[in-house]
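Asker: I'll drop the sequence and a predicted model, then ask my questions.
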Amino acid sequence: MLIGPQNLMLHVNQVRSRIRDAAMAAGRDPATVTLVAVTKTQTAESARLAAIAGVTDFGENYLQEALAKMDRLTDLTLRWHFIGGIQSNKTRPIAERFDWVHGVDRLNIARRLSEQRPFHAPPLNVCLQVALDPEPTKGGVSPGDLADLAGHVAGLPRLKLRGLMCLPPPQESPEAQRAVFARLKVALQELNARGLKLDTLSMGMSADFESAIAEGATLVRIGTALFGPR
Ligand SMILES: *Cc1c(COP(=O)(O)O)cnc(C)c1O
């Protein structure tokens, strides 16, 4: 669905002010929350309009679509986040072209990303996806296996383990949303108590980002609220 420049500018400003309000309500500095505009199924031109409106970070789920879009936006300085599921035979272009990867949930994928990250590039920023509610189709490491995986990934030379990501199913109420996000925050605190230095909680989408910010989200991934329904 195409969205015009005025509307997109308006939506970016609305989402930014909702992020600001949610951060302030939680006693947080709004600058600690990064907006990642999720452009899956959107055109390169829509992404360009969002960039003109000041968005610097973009999230994509589907590799081929993402690479084609990136190729049309090389004149802009953008940070690209891979937020989709990762197949092991598709890690190379992810390692080569993205700045962040959010859906890492197993060691062999992390190893490949580290081996395939070009030497001239800075380390690839990685978040581990945690399956807070057992939902086999959506991926994510189980909370019981998280510490072990995090320890191994943190040791890979061409990756920088930044934090945790979750993709919970829709909850009935803001309270229920917050309870899920609070569990990811606790998981991050536990890893840091074991000596890791993680600074990123990638949680919150269009329907629940205010709850996520209340629980400490440092990065929200927002598509629909910016670009309209897909
Ligand atoms: C699609 C998607 C989003 C954005 O969802 P909206 O509800 O459109 O904001 C965020 N994160 C991931 C992993 C997604 O796949």
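Answerer: Looks like it arrived, so ask away.

Asker: Stretch 109-122: end-to-end distance?
Answerer: From its first residue to its last, stretch 109-122 covers 18 Å (Cα to Cα, to the nearest Å).

Asker: same question, stretch 41-56
Answerer: First-to-last distance for stretch 41-56 - Cα to Cα - comes to 18 Å.

Asker: How about stretch 132-145?
Answerer: 12 Å.

Asker: Could you number the chain from 731 rather than 1 from now on?
Answerer: Got it, first residue is 731 now, which makes that one stretch 862-875.

Asker: next one: that stretch to chain centre, how far?
Answerer: How far stretch 862-875 lies from its chain's middle: 17 Å, per Cα atoms, centre = their mean, to the nearest Å.

Asker: List the buried residues for that stretch?
Answerer: The neighbour-count check on stretch 862-875 (16 or more other Cβ atoms under 10 Å) flags 862, 868-871 as buried. For the C-beta atoms, the positions are set from N, CA and C on the backbone; glycine is no exception.

Asker: can you list the residues of the protein near the ligand?
Answerer: By Cβ under 6 Å from any ligand atom, the residues of the chain that approach the ligand are 768, 770, 791, 813, 897, 935-937, 951-955.

Asker: where along the chain do the helices fall?
Answerer: 735-755, 774-782, 793-801, 821-827, 837-846, 873-884, 904-923, 939-944, 954-957 (DSSP state H).

Asker: In a markdown table, list those along with mean pLDDT.
Answerer: Shown next, in a markdown table, are the helices of the chain (pLDDT from 0 to 100):
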| stretch | mean pLDDT |
| --- | --- |
| helix 735-755 | 95 |
| helix 774-782 | 96 |
| helix 793-801 | 98 |
| helix 821-827 | 98 |
| helix 837-846 | 98 |
| helix 873-884 | 97 |
| helix 904-923 | 96 |
| helix 939-944 | 98 |
| helix 954-957 | 96 |
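
Asker: Quick check: which of these is buried the most?
Answerer: helix 939-944 (a mean of 24; mean count of other Cβ atoms under 10 Å).

Asker: can I get the helices of the chain in CSV with distance to Lys890?
Answerer: What follows is the helices of the chain, written out as CSV (distance: least, Cβ to Cβ, whole Å):
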stretch, distance to Lys890
helix 735-755, 24
helix 774-782, 24
helix 793-801, 21
helix 821-827, 13
helix 837-846, 10
helix 873-884, 9
helix 904-923, 14
helix 939-944, 22
helix 954-957, 27
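
Asker: Quick one, which of those helices gets closest to Leu858.
Answerer: helix 873-884 (6.1 Å; Cβ to Cβ).

Asker: ok so, going back, narrow the residues of the chain next to the ligand to those that are buried.
Answerer: By 16+ other Cβ under 10 Å, these give 768, 770, 791, 813, 897, 935-936, 951-953, 955 as buried.

Asker: With respect to pLDDT, which of these ranks lowest?
Answerer: Note: of these, the lowest pLDDT belongs to Leu897, at 93.

Asker: All set now, cheers.
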